[in-house]
Structure formats: C-alpha cells, structure tokens
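Asks: Please find the sequence and the predicted model below.
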Amino acid sequence: TPLLRSAHLHRPSREQKDMPRRNLTGQHHFEENEEHKPFCNGTGNGSGSSGTMHSQMEVEEDGSPSKLCPKPGNAINRHSSDQTDHDHRPYANAGLFFKSAVSSYKKRVVMAALVVLSVFFTGFKAGEKTATQAAGPKKYEKFIIFAQQRSGSKFLTSLMNNHPSISCGNEELLHLNITGIDVDMYMKMVTGTYTQLVEGHSLHSPTSTTHLETVTHLGFKVMYDQGLLLFEKELLAKLDELGIKVIHLVRRNKVLQYVSYAANKKDRLENAAGHVPHPTTEAEIKALAEIKVPGDPRQVFKFLEKKNGEVTEASNILTKYVDQPMLSVVNYEDLSANTDAETARLFEFLGVPVRKVRTELAKIHKDKKIHEYFEEEDQDRLRDALKESEFAWILDNW
C-alpha cells in the first residue's frame with residue numbers, strides 16, 4: 001500500500017499501571033477521542049515523556065513525511081515532558097474531552113435539523129393530501145332523482161353536472177335486474193353507484209378528474225320501474241337513514257312525452273347505426289324533429305294513462321314517506337322555460353352555491369305545434385279524443 005503504518009506501544013511499568021488512566025499518555029485517551037492515527041513529531045521520532053505512547057512516523061514510499069501525520073505543535077503533540085508537569089494540569093484532558101463532547105453534540109444537532117428539513121420539504125407538496133388522508137375519506141352529500149323515461153331527466157342531469165360542486169350520474173341502474181332481490185341487496189347497488197361516481201365512472205357521462213376535485217355532492221337518476229314502485233316505503237326509509245335527498249322530476253305534458261318516446265323508438269329501429277337519443281348537433285336535432293309518429297288514439301291513450309298513473313303513484317309514495325325538507329319536486333316544463341330560477345331553487349335545496357348553468361343538449365321540440373309531430377291521418381282523430389279526456393288542456397298548444 002502507499003502508506004506504511006505501524007504503532008508500537010511500550011508495556012507500561014507497574015507504577016504506570018497504578019496511575020489514573022488519563023496520565024498514561026499525558027493527553028486525552030487515544031481510543032475514545034481520536035481517530036486511530038499514529039503520534040509523531042514531524043521528524044520521525046515519537047515525542048513524550050518516558051513510559052508514554054510512542055509511534056513511528058508514517059512515511060510515503062519515497063520516504064517523505066505522510067500528509068496524514070499531524071504537524072508538530074498541534075493538540076495531539078502538545079504534552080509535558082515529565083509526569084510532574086501533568087500534575088499541574090489535572091483538568092487539561094477533561095477540558096479536551098468536554099470540547100470534543102460539545103463538538104459532537106453540535107454535529108448531532110445539525111444532522112437532526114437537516115433530517116427535519118429534508119422531511120419537511122419532501123412532504124411539502126403532499127402535505128395537503130396527507131392532511132386529507134389523516135382526516136379520513138372525503139365525505140359527500142348525496143341525492144337521487146326519480147323520474148320517467150323521456151321526461152327530461154337527461155336535461156336535468158346535464159345542467160347539474162355543469163355545477164362544479166355536483167357530479168350527477170344518469171340511468172346508472174338501467175341494466176340492473178331487480179327481480180327476486182330484497183331491499184338490502186338493492187341498497188348495495190345504490191351505494192355502490194355512489195362509489196363509482198367518486199371514482200369518475202358514470203354509465204353515460206364519465207366525470208373528469210378535475211371536476212371531481214371540486215365535487216361535494218353526488219347523485220344519479222332512477223326510473224320509477226327501477227326500484228321505487230317495487231320497494232316503496234322500505235327503499236325510502238333506507239335513503240332517509242343515509243341522509244340522501246330526493247328530487248322528483250315530472251313532465252306534465254304527457255302527449256309530448258309520448259312523441260319523444262315514439263320518435264326515439266322509431267329512429268332506433270330505422271336508423272340503428274346513427275341513432276342518437278339525446279342530440280347535441282343541428283343535424284341530430286333535425287333528424288329527430290322531422291320524424292312523424294303514429295297517432296292512433298288507443299295507442300296514445302294507453303301510454304298517457306300508464307305514465308300518468310305512475311306519476312300519481314310515485315308522487316303519493318314520495319309525499320307520504322319522505323320528509324318535506326328532504327324532497328324537491330321539479331316540473332320539466334318549468335325547468336325548460338325558466339332554467340335559471342329552477343336550477344337556483346334546486347341548488348339551494350341541495351346546499352350548493354347558486355350559479356347559472358347551461359347544458360350541451362339541444363331541444364328537439366320547439367317552435368312546432370303538437371299536431372305537427374303526428375302522422376296527418378291521425379291528427380284529427382287524436383284531437384277529438386283528447387277533447388273528451390282529462391288531457392284536454394294539452395290542446396291549448398295543439
């Protein structure tokens with residue numbers, strides 16, 4: 001190796017063995033307070049009193065003094081020439097030990113401070129997330145929308161999704177087979193749907209991650225025949241236990257609801273590849289608006305009576321089993337004609353800030369009289385049938 005190291009320790013005399021440990025070398029203890037370096041005086045001869053530690057000087061291969069060897073006169077070589085001088089400085093070694101201890105303490109304090117700073121800066125960006133995790137999972141207020149098919153529910157959910165505090169799913173239970181299941185199993189499906197919304201999954205319109213960061217309220221729509229009319233009181237009791245608010249959407253004009261249903265069905269059968277149930281472009285609007293539907297009075301009245309009966313039944317169930325502060329009824333016609341006022345009322349009901357919202361959906365039935373949506377041969381017959389029914393008021397815009 002480049003360095004030749006050797007250290008020779010003379011065996012101490014019996015008198016030295018009886019001396020205090022600090023007087024064996026005339027300096028602070030070698031093993032405990034120094035790195036294991038040999039002692040030298042820079043000339044190659046060990047210095048010190050008789051019986052003290054001696055060493056050969058470290059030398060390079062060329063014979064020159066090693067750079068690792070301390071220079072003469074430093075703390076490691078300053079010691080008295082005889083034992084008597086040591087007795088005049090009984091606390092010298094203690095002072096050196098104290099200085100070394102203080103230095104070691106300072107180093108430890110500095111290292112501890114560096115560790116603390118490192119942890120702080122490493123976790124600074126994740127601090128907010130860590131605080132959220134410490135507080136537990138984010139809690140959401142929940143609501144559910146009960147409605148019928150083709151009653152304007154998609155229009156309502158699209159408006160609500162334009163609010164930064166709301167994530168509203170669509171017909172999430174569409175493919176659920178509720179035959180033979182009990183209300184507890186059904187509620188597992190309901191609560192599972194809220195979890196999917198938190199994760200950004202929705203059947204028709206996935207919620208963006210950016211939107212979810214501001215969301216405080218979760219909801220989705222359920223058709224009457226997807227649980228409400230089956231479980232009735234039991235279902236509403238479960239919703240109440242969970243503090244889930246109920247929105248009931250009703251479309252008063254059942255004739256136009258029938259037109260929407262029949263036109264959508266006809267387009268799906270005749271234009272399966274290009275069928276769009278909820279148009280957003282002018283071309284899609286035109287395609288559906290130009291469809292004329294059958295107006296056989298028997299067929300139309302069968303639809304009107306069935307849907308009107310469902311609304312009456314659902315309204316009675318909700319009014320009876322849902323406390324008034326937990327229920328809000330919305331009419332599609334009012335929502336369409338006065339969107340700002342109706343959405344403001346809904347937002348106050350849910351407990352989110354009131355703000356103006358818009359929808360990307362387009363209105364299909366506008367600037368047309370009702371009879372224009374029916375095939376010409378059925379228009380007069382249907383009008384006459386409506387005159388003699390509870391739906392006669394619809395003829396005001398016939």
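Replies: That came in fine, so what should we check first?
Asks: Can you show me the helices along the stretch 101-250 of the chain?
Replies: With helices called from DSSP state H, counting those that start in this stretch, the stretch 101-250 of the chain shows them at 127-135, 153-161, 183-198, 209-214, 228-231, 233-241.
Asks: Touching the shortest one from outside, list them.
Replies: The set of residues that contact helix 228-231 without belonging to it, under CB atoms under 8 Å, 6 or more residues apart in numbering, is 146, 178, 183, 186, 222, 235, 310, 313-314, 317. For every residue, glycine as well, the C-beta is placed using N, CA and C.
Asks: what do you get if the cut-off is 10 Å, keeping everything else the same?
Replies: With contacts defined as CB atoms under 10 Å, 6 or more residues apart in numbering, helix 228-231 is touched by 144, 146-147, 178-179, 181-183, 186-187, 222-224, 235-238, 246, 248, 310, 313-314, 317-318.
Asks: so what's Phe303 up against?
Replies: 254-255, 257-258, 261-262.
Asks: and with 6 Å instead?
Replies: Tyr258 (CB atoms under 6 Å, 6 or more residues apart in numbering).
Asks: Please identify the deepest-packed of the helices of the stretch 101-250 of the chain.
Replies: helix 153-161 (a mean of 22; mean count of other CB atoms under 10 Å).
Asks: packing partners for it?
Replies: strand 166-171 (3 or more CB pairs under 6 Å, 6 or more residues apart in numbering; DSSP states H and E).
Asks: partners of the strand it packs on in the sheet?
Replies: strand 217-223 (parallel) (DSSP bridges).
Asks: Thought Phe347 was touching Val354, still the case?
Replies: Yes - in this structure, Val354 is within contact of Phe347 by CB atoms under 6 Å, at 4.8 Å.
Asks: Of those two, which one has the most company?
Replies: Neighbours per residue (other CB atoms under 10 Å) separate Val354 from Phe347, with Phe347 holding more: 19 against 13.
Asks: State the mean pLDDT of the one helix or strand the more buried one maps to.
Replies: Using DSSP states H and E, Phe347 sits within helix 339-350. Per-residue pLDDT values across helix 339-350 average out to 97.
Asks: Output the helix or strand following it as CSV, restricted to C-alpha atoms.
Replies: Next in sequence after helix 339-350, counting helices and strands by DSSP H and E, comes helix 376-387. The C-alpha coordinates for helix 376-387 follow below in CSV (Å, rounded to 0.1, in the frame of the first residue of the first chain):
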residue,chain,number,x,y,z
GLU,A,376,-101.5,13.5,-40.8
GLU,A,377,-104.2,10.8,-41.0
ASP,A,378,-104.2,10.5,-37.2
GLN,A,379,-104.2,14.2,-36.2
ASP,A,380,-108.0,14.9,-36.3
ARG,A,381,-108.9,11.6,-34.6
LEU,A,382,-106.4,12.2,-31.8
ARG,A,383,-107.6,15.8,-31.3
ASP,A,384,-111.2,14.7,-30.9
ALA,A,385,-110.2,12.0,-28.4
LEU,A,386,-108.3,14.5,-26.3
LYS,A,387,-111.2,16.9,-26.1
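Asks: list the helices and strands helix 376-387 packs on?
Replies: helix 297-321.
Asks: Just checking: what are the partner strands of the helix or strand that comes right after the helix it packs on?
Replies: Downstream of helix 297-321, the first helix or strand assigned by DSSP H and E is strand 327-331. Take DSSP bridges as the rule and strand 327-331 pairs in its sheet with strand 245-250 (parallel).
Asks: Would you mind pulling the contact partners of the strand it pairs with?
Replies: Applying CB under 6 Å, 6+ apart, the external contacts of strand 245-250 come out as 143-147, 151, 153, 156, 311, 318, 322, 326-331.
Asks: wait, which of the helices of the stretch 101-250 of the chain is closest to Glu270?
Replies: helix 153-161 (21.5 Å; CB to CB).
Asks: show me the contacts for Arg251.
Replies: Arg251 neighbours (CB under 6 Å, 6+ apart): 151-152, 257, 332.
Asks: Give me the subset of the residues you listed that lies in strands.
Replies: Nothing among these maps onto strands, per DSSP state E.
Asks: tell me the angle the helix holding Phe347 makes with strand 327-331.
Replies: Here helix 339-350 points in a direction 170 degrees away from that of strand 327-331 (axes from the mean of the first three to the mean of the last three CA atoms, to 10 degrees).
Asks: Now do the buried residues in helix 339-350.
Replies: Neighbour counts over helix 339-350 (16 or more other CB atoms under 10 Å) mark 339, 342-343, 345-347, 349-350 as buried.
Asks: what would those look like in JSON lines with distance to Ile291?
Replies: Compiled in JSON lines, the buried residues of helix 339-350 are given as follows (distance: CB to CB, whole Å):
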{"residue": "Thr339", "distance to Ile291": "26"}
{"residue": "Glu342", "distance to Ile291": "28"}
{"residue": "Thr343", "distance to Ile291": "30"}
{"residue": "Arg345", "distance to Ile291": "34"}
{"residue": "Leu346", "distance to Ile291": "31"}
{"residue": "Phe347", "distance to Ile291": "35"}
{"residue": "Phe349", "distance to Ile291": "36"}
{"residue": "Leu350", "distance to Ile291": "36"}
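Asks: rewinding a little: what's the closest of the helices of the stretch 101-250 of the chain to Glu375?
Replies: That would be helix 153-161 among the helices of the stretch 101-250 of the chain, by CB to CB, at 26.1 Å.
Asks: Export only the CA atoms of that closest one, formatted as PDB.
Replies: What follows is helix 153-161 as a C-alpha-only set of coordinates in PDB (Å, rounded to 0.1, in the frame of the first residue of the first chain):
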ATOM      1  CA  SER A 153     -84.100  13.700 -16.900                       C
ATOM      2  CA  LYS A 154     -81.100  13.900 -19.200                       C
ATOM      3  CA  PHE A 155     -81.600  17.600 -19.500                       C
ATOM      4  CA  LEU A 156     -81.700  17.900 -15.700                       C
ATOM      5  CA  THR A 157     -78.600  15.800 -15.100                       C
ATOM      6  CA  SER A 158     -76.600  17.700 -17.700                       C
ATOM      7  CA  LEU A 159     -77.500  21.000 -16.000                       C
ATOM      8  CA  MET A 160     -76.400  19.700 -12.600                       C
ATOM      9  CA  ASN A 161     -73.100  18.400 -14.000                       C
END
